[in-house]
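>>> sequence and predicted structure, then a few things I'm wondering about:
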Amino acid sequence: QVQLVESGGGLMQAGGSLSLSCAASGRTFSGYAMGWFRQAPGKEREFVATISKSGGSTYYADSVKGRFTISRDNAKNTVYLQMNNLKPEDTAVYYCAAGRLQGTIATMYDYWGQGTQVTVSS
């Protein structure tokens with residue numbers, strides 16, 4: 001089992017920045033690829049970013065590429081999502097997830113956090 005706890009969400013004006021963290025406990029953190037997903041009201045959960053077990057490979061959704069950065073610190077069992085130049089359409093609940101394989105599909109991930117709300121005002 002892997003337990004994931006997100007933090008860092010909040011309210012921000014468009015153009016601002018927020019940094020999300022996801023702390024993991026349980027099994028060896030470095031044995032899992034990590035992903036960030038988000039779900040806006042009335043919409044399906046969508047992929048945001050993913051990072052490989054070592055941190056050497058990252059991949060982003062087109063909608064956030066160039067604005068968001070995913071990173072991880074295996075010594076601290078934590079994955080981060082730095083979000084810059086936020087837009088109102090980034091408003092959603094953001095979830096981190098852990099899985100054996102790196103990917104963009106939610107079903108590839110075995111463990112999920114409870115989510116943290118990000119609200120971007122125009």
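Structure received.
>>> partner strands of the strand or helix carrying Val118 and their direction?
Val118 is part of strand 116-121, with elements assigned from DSSP states H and E. Paired neighbours of strand 116-121 in the sheet (DSSP bridges): strand 10-13 (parallel), strand 92-99 (antiparallel).
>>> show the average pLDDT along the shortest one.
Strand 10-13 shows an average pLDDT of 96 in the prediction.
>>> what's downstream of it, the next helix or strand?
Next element after strand 10-13 (DSSP H and E): strand 18-26.
>>> what comes into contact with the strand holding Val118?
6-14, 16, 18, 20, 38, 83, 86-94 (Cβ atoms under 8 Å, 6 or more residues apart in numbering). In short, each C-beta sits where N, CA and C put it, glycine included.
>>> how many neighbours does Ser122 have?
By other Cβ atoms under 10 Å, the residues close to Ser122 number 9.
>>> who are the contact partners of the closest residue to it other than its chain neighbours?
In space, Ser122 comes closest to Pro88 once its chain neighbours are excluded; the distance is 4.8 Å by Cβ to Cβ, 6 or more residues apart in numbering. Each residue near Pro88 by Cβ under 8 Å, 6+ apart is listed here: Ala14, Val120, Ser121, Ser122.
>>> by neighbour count, which of those wins?
Val120 leads these on contacts (other Cβ under 10 Å) with 20 neighbours.
>>> can you give me the pLDDT of the residue nearest the centre of the chain?
With distances taken as Cα atoms, centre = their mean, Trp36 lies nearest the centre of the chain, 2.5 Å away. We have a pLDDT of 98 for Trp36.
>>> now it: how far from Ser71?
Going from Trp36 to Ser71 by Cβ to Cβ, to the nearest Å gives 11 Å.
>>> repeat for Thr104
18 Å.
>>> Thr78 now?
Counting by Cβ to Cβ, the gap from Thr78 to Ser71 is 9 Å.
>>> neighbour-wise, which of these two wins?
Per other Cβ under 10 Å, whichever of Thr78 and Ser71 has more neighbours is Thr78, with 18 against 14.
>>> where do the strands sit along the protein?
Taking DSSP state E to define them, one finds strands in the chain at 2-7, 10-13, 18-26, 33-39, 46-51, 58-60, 68-73, 78-83, 92-99, 111-112, 116-121.
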